[in-house]
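[1] take a look and give me a structure for this.
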Amino acid sequence: MKVNKFMAMRWFFAVILLAGFSSCSKKSSSNSGSKATGWKINDKKGGFQYASKFKKQETGPGLVLVEGGTFTMGKVADDPMHDWNNTPNQQHVQSFYMDETEVTNLMYMEYLDWLKRVFPPEEENYKNIYEGAIPDTLVWRDRLGYNETMTNNYLRHPSYAEYPVVGVNWIQATEFAKWRTNRVNEAILEREGYLKKDAKVTEAKADATFDTETYLAAPTKTFGGNEEVVLKGRRGSKGKATTNAKGETQEAKNVYAQRTSGLILPEYRLPTEAEWEYAAAADIGQREYNINKGQKKYPWSGGYTRSSKRQIRGDQLANFKQGKGDYGGLAGWSDDGADITNKVKSYPPNDFGLYDMAGNVAEWVADVYRPIVDDEANDFNYYRGNVYTKNKIGEDGKVELVTAETQRFDTMPNGNVVSRNFIGQIAQVPVDDKETYLRQNFDKSDHRNYRDGDKQSTRYFDFGSEGGSEAKLKDDQRMYDSPKHNVSVDSIGNMIRKYDRSNKRSTLINDDVRVYKGGSWRDRAYWLDPAQRRYFPQDMATDYIGFRCAMSRVGPKSDQKKTARNKKR
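    The predicted structure follows:
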C-alpha cells in the first residue's frame with residue numbers, strides 16, 4: 001500500500017514537472033523571435049522593427065472594396081456602331097478599392113483651395129499651378145444653345161456641390177489623384193503621431209509640403225526638413241510619438257514610419273479599363289450571368305433601363321438621354337430626375353455598392369486607347385499605358401527633389417499651363433539599361449505602344465535592314481499616323497501653336513488618347529453597357545466626362561473568413 005502511494009506521488013510530480021516544461025517550451029516558442037535567425041523582432045533595445053500585428057489594409061476615405069475575379073471583358077449585347085473595338089476576352093482582375101461615387105465639385109474644390117493657399121497664384125513662380133488645375137467651365141457652351149447658367153455656376157455654386165465635376169481633362173484627373181494620396185497619408189501619419197498636429201493647415205507652403213514618396217525615401221526632407229513637424233515614433237507606443245510633462249516631444253530612438261509599419265496607403269489613381277469594366281458589371285451578385293453564359297447588359301439586372309421593383313416600378317435606373325431632344329422625360333412623368341448631370345447617389349448602386357457606373361457622366365480610366373485589348377500578351381490586371389520611371393539620384397547619392405527651377409509644366413491646347421510635378425516631390429527620370437538589361441518582362445521606359453503601334457507593328461518595319469530593330473521609322477510609316485500638333489508658350493507668355501495640316505493623316509489614335517467608359521447624361525442607352533469603350537485626347541475636356549479614383553488592394557483577396565475546406569484538418 002505504501003509502495004503504491006509512493007509510486008502515485010512520483011507520477012504526480014512527474015506530471016507537474018512535465019506540464020511545467022511544456023508551458024516553458026510554449027512560452028519560449030512564442031518569444032523566440034525571427035524564424036530565420038532567432039533574433040527578436042520589435043525589441044525595444046534595437047533590431048528589426050516590423051508591424052507584426054498588422055491585420056488588414058485600412059479603407060481610404062470614399063472607397064469601397066471590389067473583390068477581384070475573372071470576367072469576360074469587352075462583351076457587348078449590341079454593336080450597331082460597328083466599332084469592333086470590344087472583342088470579348090477573358091481577364092482576371094486583382095481586388096482593389098474604388099470610389100463609391102464620382103469625384104464631386106465639392107471634392108475638387110477642396111483640391112483647388114489647397115493649391116491656392118499653398119501656391120498663391122499672385123506669385124510669379126506659382127501663377128500657373130492654380131489656374132492650370134481649374135476645370136474648363138467653357139465646355140458647357142454651345143453655338144446654338146444657352147448654357148451660361150452652368151458656365152457660371154456649375155463648379156462653385158452650392159446647389160451643385162454633390163454633382164460630379166466635369167471639364168476636367170485626363171491630366172488634371174491624375175494630378176488630383178496624386179494630391180489626394182498625399183493628403184490622406186498625411187492625415188494618417190498625423191493621427192498616428194508621426195506628424196505635428198494640424199501641420200497640413202498651418203505649416204504647408206510651396207517649399208514645405210508633404211509628399212508620400214518623399215517621406216518614405218527621405219523623411220527628413222518632408223515639409224522642407226522641418227523637424228518640428230516631422231516626428232519619430234517611440235518603440236512600444238504603437239508607433240505614436242510620446243511627450244513629456246511639458247508637452248514637448250521626447251527624443252525617440254525609433255525610425256520614421258515606413259512601409260513596414262503598414263500605415264502608408266497605396267496611391268489613389270485612375271482605375272484601369274479592366275478594373276472599371278469589372279466593377280461596373282458587378283457580376284458578383286448575379287451568378288447566373290457567369291463566364292460561360294455571358295454577363296449583364298447594364299450594371300443592374302435585366303435588359304431594361306427602368307426598375308421592375310414594386311415601390312419604384314417604371315423609374316429610370318440611370319441618368320441618360322432617352323431620345324432625340326429628351327434628356328429627362330416629361331415633367332413629373334417618366335422622368336429620370338435630371339436634365340444635365342444629377343446629384344451622386346440619386347440612383348441605386350450596383351452589387352459592389354458603386355453608384356452611377358452607368359449614366360450621369362462618363363469617366364476617365366487610366367488606359368491609352370487601342371482598338372484591341374491584347375489578351376494574347378496578358379490576361380492578368382490588363383493595362384496599356386505603363387511608363388516606368390525611377391527616383392533621380394544626385395551626386396551625393398541622395399534623392400533629388402523638385403524645386404521651383406525644375407518644376408515641369410505642360411501647355412494644353414486651350415492655353416492652360418498644367419503642373420506635372422510639385423516642389424518637394426522626388427524628381428523622376430526614365431528607367432535605363434540598369435533596370436532593363438536581360439529582363440524578359442520589360443525592356444524600356446515607355447510601353448504605351450507595346451505590340452500595337454511600335455515599330456514591329458507596322459508593315460514598313462524591316463527586320464533585315466541595316467541597324468536591325470534600331471532602324472528609324474519615317475513619320476509617314478507610323479502605324480498610328482495621327483496629327484502632330486504642338487502648343488507651347490514663349491518666354492513672355494505668348495501662345496505658339498503649330499498645327500499639323502497634313503492631308504495624309506488617317507487616324508486620331510496616338511499614345512496621348514485615353515479611354516473613357518460608361519454612358520453620360522448626353523448619351524443614349526447604348527453607351528450604358530459597361531463593355532462599351534471610347535477615347536478622347538488626354539489634354540482636352542468635355543461637359544460629360546468626369547472621373548473617380550481607385551486604389552490597389554494589398555494582402556488577401558477579400559476579408560472573408562476561410563471556408564471549412566481551406567482550414568487545416
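[2] would you mind measuring from Glu435 to Ile372?
    Shown here: Glu435 relative to Ile372, a distance of 28 Å by CB to CB, to the nearest Å. For glycine as for every other residue, the C-beta is placed from the backbone atoms N, C-alpha and C.
[3] where along the stretch 301-450 of the chain do the strands fall?
    362-368, 389-391, 409-411, 417-419, 428-430 (DSSP state E, counting those that start in this stretch).
[4] partners of the last one in the sheet?
    Think strand 428-430. The strands beside strand 428-430 in its sheet (DSSP bridges) come out as strand 389-391 (antiparallel).
[5] list the buried residues of the partner strand.
    Using 16 or more other CB atoms under 10 Å as the test for burial, strand 389-391 gives Asn391.
[6] who touches that strand?
    Contacting residues not belonging to strand 389-391 are listed as Glu213, Ala217, Val399, Glu400, Ile426, Ala427, Gln428, Val429, Pro430, Val431, Glu435, Ser445 [CB atoms under 8 Å, 6 or more residues apart in numbering].
[7] let's have those in JSON lines, adding distance to Trp39.
    Output for the contacts of strand 389-391, formatted as JSON lines (distance: CB to CB, whole Å):
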{"residue": "Glu213", "distance to Trp39": "30"}
{"residue": "Ala217", "distance to Trp39": "26"}
{"residue": "Val399", "distance to Trp39": "30"}
{"residue": "Glu400", "distance to Trp39": "35"}
{"residue": "Ile426", "distance to Trp39": "32"}
{"residue": "Ala427", "distance to Trp39": "37"}
{"residue": "Gln428", "distance to Trp39": "36"}
{"residue": "Val429", "distance to Trp39": "37"}
{"residue": "Pro430", "distance to Trp39": "40"}
{"residue": "Val431", "distance to Trp39": "35"}
{"residue": "Glu435", "distance to Trp39": "32"}
{"residue": "Ser445", "distance to Trp39": "40"}
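[8] which ones among those lie within helices?
    Glu213, Ala217, Glu435 (DSSP state H).
[9] any idea how far the last one is from Gly225?
    Spelled out, it's Glu435. Distance of Glu435 to Gly225, given as CB to CB: 29 Å.
[10] what's near enough to touch Met150?
    Contacts of Met150 (CB under 8 Å, 6+ apart): Thr137, Trp140, Ile340, Asp543.
[11] buried ones only from these, please, as a ChimeraX command.
    Applying 16+ other CB under 10 Å to the contacts of Met150 leaves a buried subset, and the ChimeraX line that selects it is:
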select :137,140,340,543
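[12] select, from the contacts of Met150, the two members most distant in space.
    Greatest spacing in those, by CB to CB: Thr137 and Ile340 (13.4 Å).
[13] my read is that Tyr194 contacts Tyr256, right?
    Yes - using CB atoms under 8 Å, Tyr194 makes contact with Tyr256 at a distance of 6.5 Å.
[14] contacting residues around stretch 487-505?
    Applying CB under 8 Å, 6+ apart, the external contacts of stretch 487-505 come out as Thr411, Met412, Pro413, Gly415, Val417, Asp476, Asp481, Ser482, Pro483, Lys484, His485, Asn486.
[15] got the contact list for the third one?
    In other words, Pro413. His485, Val487, Pro537, Asp539, Met540.
[16] neighbour count added to these, as JSON lines?
    Listed next are these as JSON lines, based on neighbours: other CB atoms under 10 Å:
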{"residue": "His485", "neighbour count": "12"}
{"residue": "Val487", "neighbour count": "17"}
{"residue": "Pro537", "neighbour count": "18"}
{"residue": "Asp539", "neighbour count": "20"}
{"residue": "Met540", "neighbour count": "16"}
